[in-house]
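# here is my input; please provide its structure:
(chains A and B)
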Amino acid sequence: MDCDWPHDLDAALSALADDPDAMLLAGGTDVMVEVNAGHANPEHVIALRRIDALRGWNGHRIGAGVTYTEMERGPYPALAQLARTVGSPQIRNAGTIGGNLGTASPAGDTLPFLAALDAEVELHSARKGVRTMRWDGFLVGVKQNARRSDEIIAAVRLPGGIPERQEFGKIGVRNAMVISMVSACVMRDGEHGTRVALGAVGPTPIRARRAEEMISTEPNPSEAALGEFVRLVREEVRPISDHRGTEAYRRHASGVLARRLLERCLAP
Amino acid sequence: MYVNGLDQTVDIRGPESLLDVLRDDLALPGSKNACEQGECGSCSVVLDGDVVCACLVMAVDAHGSTVRTVEGYADNDVLHPVQMALLEGGGVQCGFCTPGFVVAAAELFDVNPTPSTDEIREALAGNVCRCTGYGAILRGLEELADRNRREPAP
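Predicted coordinates:
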């Protein structure tokens, strides 16, 4: 197996241009589960951990190599909340936001946050330069994204207009070390209305746009409005039954979780 | 890579984990191999200053890195305070999880010698004890935190 340890992004992009089949390695927390199970046996690895350009924050631009531990200490409340629910301290020290996008699991915990903000993924290529794709163009299916084989996910950009009140929650069987059965991110303020994004209840994150529109016009939602909000959320999710939970449970829990998070956003 | 203060050179041929290299090539079997998916914490090591699961680090990605394993905490016969706390508190049953607990707890106490119970619990959330001996582990470490509060280090 060949390995590159580039210290700058251009060197990594050039190595990838020479061998687009190379495996990109960030924190390793997804890749190594596959390797240990005998499901992956890369011939060429490009390790991205040493590239400073992937690491920091710059305003609303989050480097792809930012870890969950760093997100826990960052400026966005819902991102900090979700980061704290991922795995364990050991996992959070290694796993990155770029890796979460690269793996594109339906249960990826950063994804509802990125969907709620209509985040853009910044992709770099040696030959074609930089392009950005909105989250819903980038995430195309279960563990599938639109990254071309010569591209590296360099950063996530959050557009302006970020609601002040933001909450993340997820449901699983334990408090730590758990993969989401349902996750949700709700944001709201007077200026930007309400955003509702749910994870693990469809192949990619789901924006409950009808629920958003309805509740955004209610400055002080009544019990009836909240009930309608829950009903719309349950209509808009597209869960399946699997070893973690049933379709019916996920649909029910989506409504409960979205309402609970909305009520936290509404609390004084 | 630099392991417990020693410069080590290993010939790595594939995508095997740092855990495999530590145990099989460097004769450091303290880090335990259990779940191989980052669920149990028994392979916890410190890589470039961060506690991680060695089973989820591709060994080649430790190229040029600093690694501290459970073997790197005692100073000859003098145990790390966290090791003493587990010993005195009976926080060891079968012992399989103990190396991971030692590494995770030592990294907590070296940064914050007087953690609260919640801080101890959170730092150890990624370490699973198959004997479910959590009570004694927590009590031993709480006792260490209490002692550090009573007798602050100079």
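
# what helix or strand is A:C185 on?
A:C185 is part of strand A:182-189, with elements assigned from DSSP states H and E.

# so in that sheet, which strands flank that strand, and in what orientation?
strand A:165-171 (antiparallel), strand A:193-199 (antiparallel) (DSSP bridges).

# of all these, which one comes closest to A:L123?
Among the strands paired with strand A:182-189, strand A:193-199 comes nearest to A:L123, with 21.5 Å by C-beta to C-beta. (Glycine included, C-beta is placed from N, CA and C.)

# list the buried residues of stretch B:41-49.
Residues B:G41, B:S42, B:C43, B:S44, B:V45, B:V46, B:L47 are the ones in stretch B:41-49 that count as buried (16 or more other C-beta atoms under 10 Å in any protein chain shown).

# start to end distance for it?
Using C-alpha to C-alpha, to the nearest Å, one end of stretch B:41-49 lies 16 Å from the other.

# near chain A at all, it?
Yes: remark: stretch B:41-49 sits within contact range of chain A at B:G41, B:S44, by C-beta under 8 Å from any C-beta of the partner chain.

# and A:N145, how far is that from chain B?
Using C-beta to the nearest C-beta, to the nearest Å, A:N145 is found at 21 Å from chain B.

# got the phi and psi for the closest residue to that residue other than its chain neighbours?
Counting by C-beta to C-beta, 6 or more residues apart in numbering or on different chains, A:A104 is the residue found nearest to A:N145 once chain neighbours are left out, at 4.5 Å. Here is the backbone geometry of A:A104 (degrees, to the nearest 10): phi 60, psi 40.

# isn't A:A104 up against A:Q144?
Yes: A:A104 lies in contact with A:Q144 (C-beta atoms under 8 Å); the separation is 6.0 Å.

# these two: which has the busier surroundings?
Each of A:A104 and A:Q144 has its neighbours counted (other C-beta atoms under 10 Å in any protein chain shown); A:A104 has more, 21 against 12.

# residues contacting the more buried one?
By C-beta atoms under 8 Å, 6 or more residues apart in numbering or on different chains, the residues touching A:A104 are A:L111, A:L139, A:G141, A:V142, A:K143, A:Q144, A:N145, A:T204.

# which among these gets closest to chain B?
Nearest to chain B, judged by C-beta to the nearest C-beta, of the contacts of A:A104 is A:K143 at 16.4 Å.

# which pLDDT does the model give the closest one?
pLDDT, A:K143: 97.

# residue 27: neighbour count?
Let's take chain A. A:G27 - counted by other C-beta under 10 Å - has 26 other residues nearby.

# should've been chain B
Residues near B:A27, counting by other C-beta under 10 Å: 8.

# same question, B:R147
13.

# so which strand or helix has it?
Per DSSP H and E: helix B:134-150 holds B:R147.

# one more: A:M214?
Assigned by DSSP H and E, A:M214 falls within helix A:209-216.

# buried residues, that helix. List them.
For helix A:209-216, the buried set under the neighbour-count rule, 16+ other C-beta under 10 Å, comprises A:R210, A:A211, A:E212, A:M214, A:I215, A:S216.

# same check, this time on stretch A:121-134
Neighbour counts using 16+ other C-beta under 10 Å place A:V121, A:E122, A:L123, A:H124, A:S125, A:A126 of stretch A:121-134 among the buried residues.

# ok, back up a step: could you dump the contacts of A:A104 to CSV with secondary structure and distance to A:A225?
Listed next are the contacts of A:A104 as CSV, based on DSSP: H, G, I helix; E, B strand; the rest coil; distance: C-beta to C-beta, whole Å:
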residue, secondary structure, distance to A:A225
A:L111, helix, 27
A:L139, strand, 30
A:G141, strand, 34
A:V142, coil, 34
A:K143, coil, 37
A:Q144, strand, 37
A:N145, strand, 36
A:T204, coil, 28
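
# could you rank the residues you listed by neighbour count and give me the top one?
In those, the most neighbours by other C-beta under 10 Å go to A:L111, 29 neighbours.

# how about the buried residues of stretch A:121-134 in a markdown table, adding secondary structure?
What follows is the buried residues of stretch A:121-134, written out as a markdown table (DSSP: H, G, I helix; E, B strand; the rest coil):
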| residue | secondary structure |
| --- | --- |
| A:V121 | strand |
| A:E122 | strand |
| A:L123 | strand |
| A:H124 | strand |
| A:S125 | strand |
| A:A126 | coil |
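
# which of those residues sits closest to B:G5?
Looking across the buried residues of stretch A:121-134 and measuring by C-beta to C-beta, the closest to B:G5 is A:H124, at 37.9 Å.
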